[in-house]
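Undergrad: I would like to see how this sequence folds:
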Amino acid sequence: MRNVLDIVDAVAHRTPDAQAVIFGPVQVTYRDLTRCARALGNELAALGMTPGARIAIFLDKRIETVVSMLGAAAAQCVFVPVNPLLKPPQVAHVLRDCGAACLITTALRACVLDEHGLAAVHRTIIVDDPDAVSQRLRETCHIRGWPASARPGPGTSGDVGLDVQGSPPTPGIDTDLAAILYTSGSTGMPKGVMLSHRNLIEGAWSVAHYLHHDPSDRILAVLPLSFDAGLSQLTSAWSAGATAVLANYVAPRDVIDACGRERVTAITGVPPLWMQLARAHWPETARHTLRYFANTGGRLPLPVLQQLRTLFPRAKPYLMYGLTEAFRSTYLDPSEVDRRPDSIGKAVPNARILVVREDGSPCGPEETGELVHVGACVTLGYWNDATRTAQRYRPAPEIRPGGIARDVAVWSGDLVRRDGDGFLYFVARNDAQIKSSGYRISPEEIEETVHASGLVTEAVALGAPDDDLGEAIVLLVVPASIPFDPQTLVAWCAQRMPRYMVPKRVVICEDGIARNQNGKFDRTALRAVYSGREVHLQARLP
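TA: Coordinates of the predicted model:
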């Protein structure tokens with residue numbers, strides 16, 4: 001296989017009428033999904049989208065979202081799924097940064113984006129009602145409707161048709177750029193992680209292999225598809241010929257209803273999601289079809305893990321660790337959960353996980369070092385950012401026999417230790433990133449938004465331990481004037497950032513925020529001092 005669409009094509013050849021994806025009452029077979037993807041690919045080519053063009057997808061989960069990703073692949077374009085929770089300025093940053101040639105979205109979202117640079121996109125495809133946007137917007141953004149040939153459902157497959165036995169091979173090679181996923185770094189605005197088709201195909205196989213996916217599985221896709229673990233719910237399902245069930249999460253009832261209605265066998269979530277689901281009421285019909293539940297995006301507290309095991313008595317728990325730059329890195333086999341529930345396990349199939357010192361030499365048992373990921377899922381780097389790529393993607397600290405060139409590895413920035421049995425344990429981040437609600441968040445991006453309010457003269461965002469979120473965002477500020485109302489600042493942030501980035505607490509530092517001897521904010525000392533209590537920090541000025 002050399003294109004992510006080949007995963008779907010392969011199943012369409014074997015079992016064309018098997019269900020590939022479900023959304024509400026709409027069920028799409030592998031045959032129909034392949035047909036729709038190729039039809040959209042033809043439409044993109046007709047619009048002038050050449051191989052390598054970036055196709056931004058700003059949608060909630062729906063059939064068109066899935067077809068858009070595969071349609072871009074069919075046209076040898078690059079799909080860029082944009083988190084539907086992002087605010088317009090953040091979406092505009094993604095569109096500008098990746099140089100999107102086409103945007104696929106809804107009429108409402110297009111109207112909301114209108115004031116934030118939508119005109120910079122050469123083509124816009126509206127999946128619902130293009131007539132709902134203004135005439136001016138239709139002209140300036142060259143708006144088109146969703147092609148009828150790419151719609152699934154009765155009547156369409158017969159009109160367009162697809163001979164799955166004779167479908168043409170997808171062009172290109174497996175190292176071609178397939179997707180860009182935007183993720184926060186330790187500084188600045190989100191950066192785009194570049195994934196090849198090989199990354200997607202190998203990642204799908206690896207995850208499906210250790211989770212033992214088979215065609216009978218019905219896998220709930222509840223995480224955002226712009227999140228590597230969310231996208232993996234689709235690709236790993238298709239890798240095994242299973243069914244992906246799309247769900248837009250608003251409340252626990254959305255997940256519970258989907259599980260009962262669709263007989264879901266597998267769910268992957270992040271700790272805040274699991275905490276809400278563990279407290280919810282589950283009818284018997286929704287509890288007993290689950291074969292496994294998996295956690296990623298942060299440590300799952302032991303009491304929550306125990307609640308889930310009681311709630312889903314037939315389900316095996318998988319505790320996983322990963323990063324966008326390399327998909328999944330490790331998982332803990334369910335047979336080990338009782339003995340070491342705080343472990344992140346061992347390497348996933350077709351990956352090698354190293355624990356190294358600052359000089360790259362291997363750490364001994366129980367010695368803390370940086371996690372380095374080597375293998376086929378190591379991505380291509382950061383879009384248009386050679387400096388950051390060189391910092392994170394470096395030669396693996398291994399000497400290979402026969403003078404073979406060293407592989408490029410991802411140096412994660414995460415500190416871990418390995419016990420005498422080879423199991424890994426997360427220790428801490430080695431940079432300033434905040435990990436909250438399963439997201440890696442740039443403190444600098446929060447601080448830039450806060451400063452734009454004009455309400456503060458200094459601001460530092462930190463992560464404080466939190467049982468529900470992993471880390472809660474704490475904002476230290478020096479007010480620009482007195483009196484100062486923290487809620488006004490929080491409301492400002494809520495209008496300009498997704499909910500998971502809005503500070504949970506604001507700490508007023510009237511005497512300034514602590515700095516180190518170089519005059520920089522002493523983030524390490526501040527994180528050590530602030531432990532989640534409501535306190536006023538006194539500045540330590542140079």
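Undergrad: shaky segments in the protein?
TA: 117, 119, 154-169, 185-188, 429-432, 515-520, 530-542 (pLDDT under 70).
Undergrad: which residues sit in contact with the residue positioned nearest the centre of the chain?
TA: Nearest to the geometric centre of the chain sits residue 227, at 1.1 Å (Cα atoms, centre = their mean). Applying Cβ atoms under 8 Å, 6 or more residues apart in numbering to residue 227 gives the contacts 83, 181, 324, 438, 439. All C-beta spots, glycine's among them, are computed from the backbone N, C-alpha and C.
Undergrad: go on, residue 270?
TA: Counted by Cβ under 8 Å, 6+ apart, residue 270 has contacts 223, 229, 295, 296, 297, 298, 437, 438.
Undergrad: again, only using 7 Å
TA: Residue 270 makes contacts with 223, 296, 297, 298, 437, 438, as judged by Cβ atoms under 7 Å, 6 or more residues apart in numbering.
Undergrad: before we move on, back to that, report the two of the contacts of residue 227 separated the most.
TA: 181 and 438 (14.0 Å; Cβ to Cβ).
Undergrad: hmm, residue 375 is touching residue 350, no?
TA: Yes. Using Cβ atoms under 7 Å, residue 375 is in contact with residue 350, at 5.5 Å.
Undergrad: the two - which one has more neighbours?
TA: The residue with more neighbours, out of residue 375 and residue 350, is residue 375; 22 against 13, by other Cβ atoms under 10 Å.
Undergrad: roughly how far does that one sit from residue 408?
TA: Going from residue 375 to residue 408 by Cβ to Cβ, to the nearest Å gives 10 Å.
Undergrad: do residue 440 as well
TA: The value you get for residue 440 to residue 408, if Cβ to Cβ is used, is 21 Å.
Undergrad: between these two, tell me which one has more neighbours.
TA: A count of neighbours by other Cβ under 10 Å puts residue 440 above the other of residue 440 and residue 408, at 20 against 15.
Undergrad: that one pairs with what?
TA: residue 435 (DSSP bridges).
Undergrad: what does residue 466 give?
TA: Bridge pairing for residue 466 - DSSP bridges - gives residue 470.
Undergrad: wouldn't it be in contact with residue 472 here?
TA: Yes. Residue 466 lies in contact with residue 472 (Cβ under 7 Å); the separation is 3.8 Å.
Undergrad: phi first, then psi, for the residue nearest to residue 5 when sequence neighbours are not counted.
TA: Of all residues not flanking residue 5 in the chain, residue 73 sits nearest, at 4.5 Å (Cβ to Cβ, 6 or more residues apart in numbering). Main-chain dihedrals, residue 73, degrees, to the nearest 10: phi -60, psi -40.
Undergrad: then the one 10 residues further on?
TA: Comment: the main-chain dihedrals of residue 83 come out as phi -60, psi 120, following degrees, to the nearest 10.
Undergrad: contacts only, for it.
TA: 224, 226.
Undergrad: if you set the cut-off to 10 Å instead, what comes out?
TA: Counting by Cβ atoms under 10 Å, 6 or more residues apart in numbering, residue 83 makes contact with 58, 90-91, 94, 181-183, 190, 224-227, 230, 439, 498, 500.
Undergrad: would you mark the buried spots in the top helix by length along the chain?
TA: In terms of residue count, the longest helix belonging to the chain (DSSP state H) is helix 30-46. Neighbour counts over helix 30-46 (16 or more other Cβ atoms under 10 Å) mark 30-45 as buried.
Undergrad: now swap in stretch 233-249 and tell me
TA: Within stretch 233-249, the residues that count as buried by 16+ other Cβ under 10 Å are 233-247, 249.
Undergrad: among those, which pair sits farthest apart?
TA: Across the buried residues of stretch 233-249 (Cβ to Cβ), the longest gap, 25.6 Å, separates 241 and 249.
Undergrad: that older thread, sort out for me which of the buried residues of stretch 233-249 are in strands.
TA: 243, 244, 245, 246 (DSSP state E).
Undergrad: looks like the first one contacts residue 23 (just checking).
TA: No. With contact taken as Cβ atoms under 10 Å, residue 243 and residue 23 are classed as non-touching, separated by 11.3 Å.
Undergrad: quick one: the strands in the stretch 301-450 of the chain, in order.
TA: 316-323, 327-332, 346-347, 351-356, 369-375, 381-382, 393-395, 408-418, 424-429, 434-436, 439-441 (DSSP state E, counting those that start in this stretch).
Undergrad: okay, the angle between the second one and strand 408-418?
TA: Spelled out, that is strand 327-332. 20 degrees (axes from the mean of the first three to the mean of the last three Cα atoms, to 10 degrees).
Undergrad: name every strand pairing with strand 327-332 and say which way it goes.
TA: If you go by DSSP bridges, strand 327-332 pairs up with strand 316-323 (antiparallel), strand 346-347 (antiparallel).
Undergrad: check which helix or strand covers residue 17.
TA: Assigned by DSSP states H and E, residue 17 falls within no helix or strand.
Undergrad: please name the nearest non-neighbouring residue to it.
TA: residue 29 (5.2 Å).
Undergrad: residue 15 is in contact with that neighbour, correct?
TA: Yes. Residue 29 is within contact range of residue 15, at 8.8 Å (criterion: Cβ under 10 Å).
Undergrad: neighbour count: the two, which is higher?
TA: residue 29 (20 against 15).
Undergrad: ok, now which ones touch residue 365?
TA: Residue 365 sits in contact with 355, 417, 418, 419, 420, 421, 422, where contact means Cβ under 10 Å, 6+ apart.
Undergrad: residue 183 now?
TA: When contacts are counted by Cβ under 10 Å, 6+ apart, residue 183 is found next to 83, 190-193, 226-228, 323-325, 382, 433, 439-442.
Undergrad: can you flag the buried ones in the residues you listed?
TA: 83, 190-193, 226-228, 323-325, 382, 433, 439-442.
Undergrad: and which of the contacts of residue 83 is nearest to residue 218?
TA: With Cβ to Cβ as the yardstick, the closest approach to residue 218 among the contacts of residue 83 comes from residue 230, at 16.5 Å.
Undergrad: surely the closest one forms part of a strand?
TA: No. Per DSSP: H, G, I helix; E, B strand; the rest coil, residue 230 lies outside any strand segment and is helix.
Undergrad: that one and residue 84 touch, don't they?
TA: No. With contacts counted by Cβ under 10 Å, residue 230 stays clear of residue 84, the gap being 11.3 Å.
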